[in-house]
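Chemist: Quick one, structure for this:
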Amino acid sequence: MSTRTTQTLSEEAFAPGPGGESAARLWPMHARGVGQMLDLAVDLFVVRCVPVVGIVFLMWLPVRLFSVNFGPASADGQTELLQAFLGFVGSVAVQTLSVALAIQVVYVELQGRKLELKPLLLLSAKRAPALLLCTILITGVLWFGFLCLIAPGVYLMYIWSVAPAALVLEGSGPIRCLVRSKQLVGKNFLPWAGLMLSVFALKLPYDAAVGAIDYPDVVDYAVTELGWSHAAVGAVRVLLGSLLMAVSSAAWSIVVTVFYLDCRVRREGFDLSMRLERLQDAARPALAP
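Modeler: Numbers count the residues shown, from 1 in each chain. Predicted coordinates:
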């Protein structure tokens, strides 16, 4: 027997969206367990795979092109160090933009709104500097925490896990979003740990495949044993690597967003706020002259 609480959005309460279907029926918002959050994240990934992965793929292309053609293996000394640094900066920049974009796409989808990529991209670019600063702060402190002991690093990963989503969706600053994240995650460590272990396991094949196609022995095997040209090997590394990184980045961002929204539902009854937004969106066409 199903039950309804203030944590559950009633399917009958919402007018049909532009496609004739109720957004609430497709994406009910309520407190979820680890398995349910993963199910929701996978469903969202499938529904919005083309726009999210496609755009992130285009973002990764120049970074991968630089990495393949001007990577550390192609230089010596100071030039090698500079190229490695530029490649790292490019990777962090793409990760930052992809997180900002995926978070917004997920929220728009959950609200049943029409997906318009141009404003989302503009807002992603606007929030990217603050998100980049937040990412640098988190990464630096996490490395220090892991160097000291594993436990502090894991704890910091947990309390700051939803900082990117808070920064993008709430407009928090780089420091404020860290405080906000700690407030939201509360005592959800076990659900967070289960979710993170699951998403790491899902991401691992994609991340490992990128490392494999960049491994020098694999490149040499493709050239000497398979008879591929260096240009063909480079093209495969650029295109396939960009696609794999796009899938990995998008999946991670979607899971983080789902966990963030779940934390807000549990602590703030955010499902009621989303319900109000949906009602307002549904009412706008009727009120328009």
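
Chemist: So which residue is smack in the middle of the chain?
Modeler: Ser253 (1.2 Å; Cα atoms, centre = their mean).

Chemist: Let me see the contact set for that residue.
Modeler: The contact partners of Ser253, taken as Cβ atoms under 8 Å, 6 or more residues apart in numbering, are Val52, Ser98, Val99, Leu101, Ala102, Ile103, Val106, Pro164. No exception for glycine: its C-beta is placed from N, CA and C like everyone else's.

Chemist: Give the burial count for the fourth one, as a bare number.
Modeler: Put plainly, it is Leu101. Counted by other Cβ atoms under 10 Å, the residues lying close to Leu101 total 27.

Chemist: gap between the residue nearest to the centre of the chain and Leu38?
Modeler: Distance, Ser253 to Leu38, using Cβ to Cβ, to the nearest Å: 14 Å.

Chemist: got it, and Ile254?
Modeler: Going from Ile254 to Leu38 by Cβ to Cβ gives 10 Å.

Chemist: Please apply the same query to Arg275.
Modeler: According to Cβ to Cβ, Arg275 and Leu38 sit 24 Å apart.

Chemist: Count the residues that sit near the closest residue to Ser198 other than its chain neighbours.
Modeler: Spatial nearest neighbour of Ser198, chain neighbours left out: Leu38 (5.6 Å); criterion: Cβ to Cβ, 6 or more residues apart in numbering. Each residue near Leu38 was counted by other Cβ under 10 Å, and the total is 18.

Chemist: now Lys187
Modeler: Close neighbours of Lys187, defined as other Cβ under 10 Å, add up to 7.

Chemist: same thing with the one 10 residues further on?
Modeler: By the criterion of other Cβ under 10 Å, Leu197 has 11 neighbours.

Chemist: tell me which residues in the strand or helix carrying it are buried?
Modeler: For Leu197, the element it lies in under DSSP states H and E is helix 189-214. Buried residues in helix 189-214, counted by 16 or more other Cβ atoms under 10 Å: 191-192, 195-196, 198-199, 202-203, 206, 209-210, 213-214.

Chemist: Please apply the same query to stretch 118-138.
Modeler: Across stretch 118-138, burial judged by 16+ other Cβ under 10 Å covers Leu120, Ser124, Arg127, Ala128, Ala130, Leu131, Leu132, Cys134, Thr135, Leu137, Ile138.

Chemist: Okay, and which of those residues map to helices?
Modeler: The helices, defined by DSSP state H, take in Leu120, Ser124, Arg127, Ala128, Ala130, Leu131, Leu132, Cys134, Thr135, Leu137, Ile138 from the buried residues of stretch 118-138.

Chemist: Tell me, what's the model's pLDDT at the fourth one?
Modeler: Per-residue confidence (pLDDT) for Ala128: 84.

Chemist: Quick one: residues contacting it.
Modeler: Ala93, Thr96, Leu97, Ala100.

Chemist: Report how many residues lie close to the second one.
Modeler: Number of residues near Thr96 (other Cβ under 10 Å) recorded here: 24.

Chemist: Verify the stated contact: it with Ile136.
Modeler: No. Contact between Thr96 and Ile136 fails when scored by Cβ atoms under 8 Å: they sit 9.5 Å apart.

Chemist: any idea how far Trp228 lies from Pro164?
Modeler: For Trp228, the distance to Pro164 (Cβ to Cβ) stands at 39 Å.

Chemist: Relative to Thr139, how far out is Val94?
Modeler: Going from Val94 to Thr139 by Cβ to Cβ gives 15 Å.

Chemist: related to what we said a few turns ago, Trp228 and Pro164: which has the busier surroundings?
Modeler: Pro164 (27 against 16).

Chemist: Surely the more buried one is in contact with Ile103?
Modeler: Yes. In this structure, Pro164 is within contact of Ile103 by Cβ under 8 Å, at 6.7 Å.

Chemist: who touches both of the two?
Modeler: Shared contacts of Pro164 and Ile103, counting by Cβ under 8 Å, 6+ apart, come down to Ser253, Val256.
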